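> Prediction below, plus the sequence it came from.
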Amino acid sequence: MEAILRRDTDPQELNILLFDHASAMPSWLDFDRLAAFLHESLKPWNDTLQDIGRGLEYALSSGPERGGFVALGMVGHEVVGAVVVLRTGMGGYVPRHLLLFVAVAPAFRGQGIGERLLRRAVDACEGDVALHVEYDNPARRLYERVGFRSDYAEMRYKR
């Protein structure tokens, strides 16, 4: 059987579902399957499956000082893209929202799915939105098209 390299999807077929609790996920999708989709679709800029799981738990938590939402792109019962947004609980210098993961399945890239998901997620946010992207990640062009700009260089002290 030949591998599918690209699936052309009619943009009208794309359904976008926003949910902010795991209980609101489609019945055919579970937490582990969503985490695995993100892990595979974010390569080579992916985090560990464990870190992706922690990010999803944070986004879909109703606890104090936590929360966010997922914008899920689907064609039928197939996940083709997802955006995970965290609420920071802050504002001003630290934006109110952080785009944690933006992923489109490799077979569906180049069809505008990532842009539609990203625009829908940003529209659902009140206040500023930040994201981290590596300089050599080609997704930077998508973020710039949507309106993101690089105001700061992030620096980290790693232990």
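Structure's in. What do you need?

> which intervals of the protein have sub-threshold pLDDT?
Applying pLDDT under 70 to the chain flags the ranges 1-12.

> go with 90
1-13, 22, 44-47, 62-66, 76, 88-96, 126-127, 130-159 (pLDDT under 90).

> can you pull out the helices in it?
In chain order, the chain shows helices spanning 31-41, 49-59, 113-123, 140-146, with DSSP state H as the criterion.

> and the ones you listed as TSV, adding mean neighbour count and distance to residue 94?
(Each C-beta comes from the backbone N, C-alpha and C, glycine too.) Shown next, in TSV, are the helices of the chain (neighbours: other C-beta atoms under 10 Å; distance: least, C-beta to C-beta, whole Å):
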stretch	mean neighbour count	distance to residue 94
helix 31-41	17	24
helix 49-59	17	16
helix 113-123	19	17
helix 140-146	14	19
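
> which stretch among the ones you listed comes nearest residue 100?
For the helices of the chain, the distance to residue 100 is smallest for helix 49-59, at 4.9 Å, taking C-beta to C-beta.

> list the helices and strands the closest one packs on?
Counting contacts by 3 or more C-beta pairs under 8 Å, 6 or more residues apart in numbering; DSSP states H and E, the secondary-structure elements packed against helix 49-59 are helix 31-41, strand 68-75, strand 78-87, strand 97-104.

> Turn those into a markdown table, columns for distance to residue 120.
Formatted as a markdown table, the entries for the helices and strands packed on helix 49-59 read as follows, by distance: least, C-beta to C-beta, whole Å:
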| stretch | distance to residue 120 |
| --- | --- |
| helix 31-41 | 17 |
| strand 68-75 | 5 |
| strand 78-87 | 8 |
| strand 97-104 | 12 |
